[in-house]
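Asks: With the sequence up front, the predicted model follows.
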Amino acid sequence: MDIIETKIDKNSDEYQKKFESMQALVADLRQELKKAAEDRSQKALDREKSSGKLPAMKKLELLLDKNTPFLEIAPLAAKDMYDGRIYRAGLLAGIGMVAGKECMISINDATIKGGSMYPLSVKKGIRLQSICMENRLPAINLIDSAGAFLPLQSEIFPDLWNGGRSFYNQAMMSKMGIPQIAAVMGLCTAGGAYGVAMCDEIVHVKGHGAIFLGGPPLVKAATGEAVSSDELGGTNLHCIESGVSDYIAEDDADAIAQIRSIVKNLPQNEKSKLSMQDPEPPLYDPRELYGIVSPDLSKSFDIREVIARIVDRSEFIEFKELYGSTMVCGWANIHGYPVGILGNNGILFSESALKATQFIQICDKRKIPLLFLQNITGFMIGKAYEQGGITKNGHKLVNAVSTASVPKFTVIVGASFGAGNYAMCGRAYSPRFLWMWPNAQIGVMGGEQAAGVLVSITNDQNKRLGKPPLTEEEEAAIFTPVVEAALKEGNAYYSTARIWDDGIIDPAKTRDVLGLAISAALNAPIRDDVYGHGIFRM
């Protein structure tokens, strides 16, 4: 492979300014992650301690194999939403090694509203299930939840992607042979009871674990029967009488030890094989990415400089280098895993789309995973480009991205606007994982472009009605709020709070995050459906 030769001058003022700006964004990200992990009321912490329960982070520590990494999913879900303190949407979740097997782990954080499930808690849970199904990962659920947050029940219960979908997914996971293991570490009420019962194996903690469709207050109100939580759904009832639970644990630590034994007893899944190489670090320090990519998205950069700091040995075989130059395509390795990389170096033209389409077909045929590095404002517009077939050529790319059978991974390293988001494997195109850098922005178009369009439309309307064009003050009255709204709603934190992505990551950690994700994806067959694409409009 050819080594990418960097053209970056690390001594330049421009590099230093970019570095400082990105470093500040990463510092803010670390602070937000720390807040999400640690900001709890003393009352909640005291209640958890007095009950004999372990904190969510301690449960995770005991569950994971020693000295193994953990790939957290959506750590800033629900940021600044609800009352501003529903951190992680109430769920500590991600992919980690348990008894030598990669597993999806979900842990209710009972210090957040008693583990109550908010609408975004449900959305996050369903996202975790989709990752399990796509990547054939065993699911481990450490449950301690007061159930649905009733004031928002209309947003939790009835729709396609609401609470009921999680039980549907559990049934489908069971059908697919994906192991589901639960530990009852607190209340499992109503839907939470079904979520436990639909698992393959259930460990039930003595004393504070309880499963019931309706808790003591509801039973009292509905039937007049006075009964305690333990009498209604504790270990004696469910492990001895009902048969709902399978194992009794003395405490949280004992339950986790039993889960590790259960996972160890699972059949060893044969992972998909790729043509591996010995992993080696890039020739260039990944922290140099701070000085390459600017938080100001109007400042361009060569995506090859990003690739050089992500891939093994900074080696890259570029495909069709001189054709469709605003799309960079080529092959490399990340932590030894082969990948086909598509990165943006400007707006998409017909040639860019056609090159990318051909490249995706080749990778799909060869069973090489695809990595999309997004910094895209969209497709080129104008009469000449429409005559040249930009619409049908863009359709070919969107078709190829949609129907590619190999694992796809997306990192938004800059802009992600309009149809460019779609063509570069945005969330709607089912990448196995999608992350954003802290400088990234996402939307139909940039704020200034959107405001300019609205001003132009208003002036056209005024002209048809015989009115004068907008004054500078009137234009500003339209322009300013549109730009401000786009900056707020296109911000990476706005996206990650709503789980439009799987998390914001430090650019310098991109390589390691991708290595973990590719490894997890190989638990599923590379291609278990019919190979091929849809009809390409010629």
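Replies: Yes, it's here. Numbering: from 1, shown residues only.
Asks: Helices along the stretch 301-450 of the chain, start to end?
Replies: Taking DSSP state H, counting those that start in this stretch, the helices of the stretch 301-450 of the chain run over residues 303-307, 350-366, 383-387, 390-403, 418-423, 447-464.
Asks: Tell me which of those approaches L92 most closely.
Replies: Of all the helices of the stretch 301-450 of the chain, it is helix 418-423 that lies closest to L92, at 28.9 Å by C-beta to C-beta. Glycine gets a C-beta too; all of them are placed from N, C-alpha and C.
Asks: ok, residues contacting the closest one?
Replies: The contact list for helix 418-423 (C-beta atoms under 8 Å, 6 or more residues apart in numbering) reads 344, 347-348, 353, 356, 374, 376-379, 394, 397-398, 401, 428-429, 442-445.
Asks: Then stretch 316-333?
Replies: 1-4, 276-277, 279, 303-304, 307-308, 311-313, 315, 338-349, 351-356, 358-359, 362, 368.
Asks: same thing but 6 Å
Replies: With C-beta atoms under 6 Å, 6 or more residues apart in numbering as the test, stretch 316-333 has contacts from 1, 4, 277, 303, 307, 311-312, 339-343, 345-347, 351-352, 355-356, 359.
Asks: just the buried members of the residues you listed?
Replies: 1, 4, 277, 303, 307, 311-312, 339-343, 345-346, 351-352, 355-356, 359 (16 or more other C-beta atoms under 10 Å).
Asks: thinking again about what came up before, in JSON lines, list the helices of the stretch 301-450 of the chain along with distance to G214.
Replies: JSON lines is the format used below for those (distance: least, C-beta to C-beta, whole Å):
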{"stretch": "helix 303-307", "distance to G214": "54"}
{"stretch": "helix 350-366", "distance to G214": "50"}
{"stretch": "helix 383-387", "distance to G214": "61"}
{"stretch": "helix 390-403", "distance to G214": "44"}
{"stretch": "helix 418-423", "distance to G214": "44"}
{"stretch": "helix 447-464", "distance to G214": "49"}
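Asks: possible to save those helices as CSV with distance to E250 and mean pLDDT?
Replies: Shown next, in CSV, are the helices of the stretch 301-450 of the chain (distance: least, C-beta to C-beta, whole Å; pLDDT from 0 to 100):
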stretch, distance to E250, mean pLDDT
helix 303-307, 51, 98
helix 350-366, 51, 96
helix 383-387, 69, 92
helix 390-403, 51, 95
helix 418-423, 51, 92
helix 447-464, 57, 85
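Asks: do you know which of those helices lies nearest K509?
Replies: Of those, nearest to K509 by C-beta to C-beta is helix 303-307, at 13.5 Å.
Asks: Extract the C-alpha trace of the closest one and format it as CSV.
Replies: In CSV, the C-alpha atoms belonging to helix 303-307 read as follows (Å, rounded to 0.1, in the frame of the first residue of the first chain):
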residue,chain,number,x,y,z
ILE,A,303,-9.9,14.1,4.1
ARG,A,304,-6.7,12.1,3.3
GLU,A,305,-5.0,13.8,6.3
VAL,A,306,-7.8,12.4,8.5
ILE,A,307,-7.4,8.9,6.9
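Asks: returning to what we had before: for ChimeraX, what selects the buried ones among the contacts of helix 418-423?
Replies: Restricted to buried positions by 16+ other C-beta under 10 Å, the ChimeraX selection for the contacts of helix 418-423 reads:
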select :344,348,353,356,374,376,377,378,379,394,397,398,401,429,442,443,445
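Asks: Quick check: closest non-adjacent residue to I535.
Replies: Spatially, and ignoring its direct neighbours in sequence, I535 is nearest to N399 (7.9 Å; C-beta to C-beta, 6 or more residues apart in numbering).
Asks: my guess is the one you found contacts G534, does it?
Replies: Yes: here N399 reaches G534: they are 4.9 Å apart, a contact under C-beta atoms under 6 Å.
Asks: Those two: who's more crowded?
Replies: N399 (17 against 12; other C-beta atoms under 10 Å).
Asks: tell me which residues in the longest helix along the chain are buried?
Replies: Counting by DSSP state H, the longest helix found in the chain is helix 13-38. Neighbour counts over helix 13-38 (16+ other C-beta under 10 Å) mark Y15, K18, F19, S21, M22, L25, V26, L29, E32, L33, A36, A37 as buried.
Asks: and what of stretch 152-164?
Replies: In stretch 152-164, counting by 16+ other C-beta under 10 Å, buried: L152, E155, I156, N162, G163, G164.
Asks: Same check on stretch 159-178?
Replies: N162, G163, G164, R165, S166, N169, Q170, M173, I178.
Asks: contacting residues for the first one?
Replies: Shown in contact with N162 (C-beta under 6 Å, 6+ apart): I156.
Asks: again, but for the fourth one
Replies: Applying C-beta under 6 Å, 6+ apart, one finds that R165 lies in contact with I126.
Asks: Quick check: it is in a strand.
Replies: No: read with DSSP: H, G, I helix; E, B strand; the rest coil, R165 is helix and lies in no strand.
Asks: Would you mind giving both backbone torsions of the closest residue to V219 other than its chain neighbours?
Replies: Counting by C-beta to C-beta, 6+ apart, V219 lies nearest to E225, which is 5.4 Å off, once chain neighbours are set aside. In terms of degrees, to the nearest 10, the main-chain angles of E225 are phi -80, psi 130.
Asks: ok, now how distant is E225 from Q441?
Replies: Distance, E225 to Q441, by C-beta to C-beta, to the nearest Å: 56 Å.
Asks: Appreciated, that's everything.
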